[in-house]
Structure formats: C-alpha cells, structure tokens
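*Asks:* Below are the sequence and a predicted model; questions follow.
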Amino acid sequence: MMANPILNTAPLAIHPWFIIGFWLVSVSFFLAIALAMRDGIQQLHRLHRVPCTRCAFYTGEYRLKCTVNPYQALSEAAIGCLDYEENIQTQASCTDLSSPQFVFIGLRKNLVENPPVVVSKPTGVSVGA
C-alpha cells in the first residue's frame, strides 16, 4: 500500500522573509496613520488661528462672509489680514440666558402663568379739578 505524500509532509514552515515583510508592512501602515493624525492636528491648530469670526467685517452669511476680503474669509490666507478689526458688539450665544430670545420666552411664560390684571378707568368720571 502506498502512503499519501500530502499527509506525510512536515508542517509548513514560514519563511523568515515573510515575517520580515509582514512586520515592515505593519510598521509602515501604523506610521502612516500616526503621521496623518499629526498633520491633521497641525491643520486644525492653523485653522483655529483664523480671526474672521471675531472681526467687525464678518457677516456670517455663506454668500458674503467678509465685506472687505470675501475671497480670503475663513481661510488660511486670512490669518494675517491687515483689515482685521475686533468686533466690539458682543453676540449672545445660545446658552446666554440674557439674550433677547430667552428674555422674550421668559416674559411669554410669565404672561401665560400670571396674566396681567387690566384695570379699566370708569367712564364718565373726570380726573382732575
């Protein structure tokens, strides 16, 4: 009876070059991810230096972001803008309870809970001498 040559072979040995290649590919992959994250963080730091949202000429509209330099607005080119002026008026944020929208809601709620008492002046009574 003839022996099966496939069953009698030794376990498949992994060649050393395969292990070295696998580690080189793995290290280069994780190194590429780390470098991409570092570049992304540096880009975020650069974009946070853009002063447009604090400028007096910033409109906040997508059609015309800046009235003086519309092509540079909200880009890295606006970091050294010579026309930058600090916005003096403060804009109320969504969490600012003293902003007009929250004051109006509070007044409306107060009027619903406590309706005003209307005192009408009696007719036919003259006031004064």
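*Replies:* Thanks, I have it.

*Asks:* in this protein, which helix has the most residues?
*Replies:* helix 16-47 (DSSP state H).

*Asks:* which of the residues in it are buried?
*Replies:* Buried positions in helix 16-47, judged by neighbour count with 16 or more other Cβ atoms under 10 Å: none. Bear in mind the C-beta positions are built from the backbone N, C-alpha and C, glycine included.

*Asks:* Which strands or helices does that helix pack on?
*Replies:* For helix 16-47, there is no helix or strand it packs on, judged by 3 or more Cβ pairs under 8 Å, 6 or more residues apart in numbering; DSSP states H and E.

*Asks:* and it, what's its mean pLDDT?
*Replies:* Rounded to a whole number, the mean pLDDT of helix 16-47 is 94.

*Asks:* Stretch 82-90 too?
*Replies:* pLDDT averaged over stretch 82-90 gives 80.

*Asks:* so where do the strands sit in the protein?
*Replies:* Assigned by DSSP state E, the strands in the chain number zero.

*Asks:* For burial, what's the neighbour tally of Ala73?
*Replies:* Counted by other Cβ atoms under 10 Å, the residues lying close to Ala73 total 21.

*Asks:* go on, Cys52?
*Replies:* 20.

*Asks:* And the one 10 residues further on, by the same measure?
*Replies:* A count of neighbours around Tyr62, defined by other Cβ under 10 Å, yields 7.
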